[in-house]
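Enquirer: structure of the sequence below:
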Amino acid sequence: MSKIEKNNISIIIPTYRAEKYIVEVLNAINSQTIKPLEILIIDYKTSNKLYEIINKLKLNLNTKLIYFPNKPCPPNQRNYGAVLAKGEILAFLDVKTIPKKTWLENYCKLLSQSKYKLI
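Expert: Got it, this is the predicted structure:
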């Protein structure tokens, strides 16, 4: 993968009342052929239950649950996550979107083959 650092990806997931969806999406991310640098879950009204669910998964991923102080609005939550992200590459997911195992790998291939920095 020329010019693309495969492990320099931040995944940003805006959430609101995501307890029943978060396990499936995090397990799908954990199964990726390329592991992200971090997963930022930008949650409106973060609950202890969501925190407990994430901790019980014992993922080998740098997963952060971040409180979003304003009304739930996915575009604003994504922007908030983008500001906090440490990765050079940003990947956005909805909590109800379950990515295929090669999602990040394909994403990196497209970026490395493109003269653009956005897909």
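Enquirer: give the buried residues for stretch 90-101.
Expert: By neighbour count on 16 or more other C-beta atoms under 10 Å, the buried set for stretch 90-101 is 91-93, 95, 99. From N, CA and C alone the C-beta is placed, and that goes for glycine too.
Enquirer: what are the bridge partners for Ile12, then?
Expert: Beta-bridge partners recorded for Ile12 (DSSP bridges): Leu40, Phe92.
Enquirer: what sits against it?
Expert: Contacts for Ile12 were tallied using C-beta atoms under 8 Å, 6 or more residues apart in numbering; they are 40, 42, 77-78, 81-82, 85, 90-93.
Enquirer: where's it relative to Lys86, distance?
Expert: As defined by C-beta to C-beta, to the nearest Å, Ile12 lies at a distance of 11 Å from Lys86.
Enquirer: any chance of the contacts of Ile12 in CSV, plus distance to Lys49?
Expert: CSV is the format used below for these (distance: C-beta to C-beta, whole Å):
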residue, distance to Lys49
Leu40, 19
Ile42, 17
Gln77, 19
Arg78, 23
Gly81, 21
Ala82, 26
Ala85, 25
Leu90, 27
Ala91, 26
Phe92, 24
Leu93, 21
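Enquirer: need the max-distance pair from those.
Expert: Taking every pair in the contacts of Ile12 and measuring C-beta to C-beta, the maximum separation is 14.6 Å, between Gln77 and Ala91.
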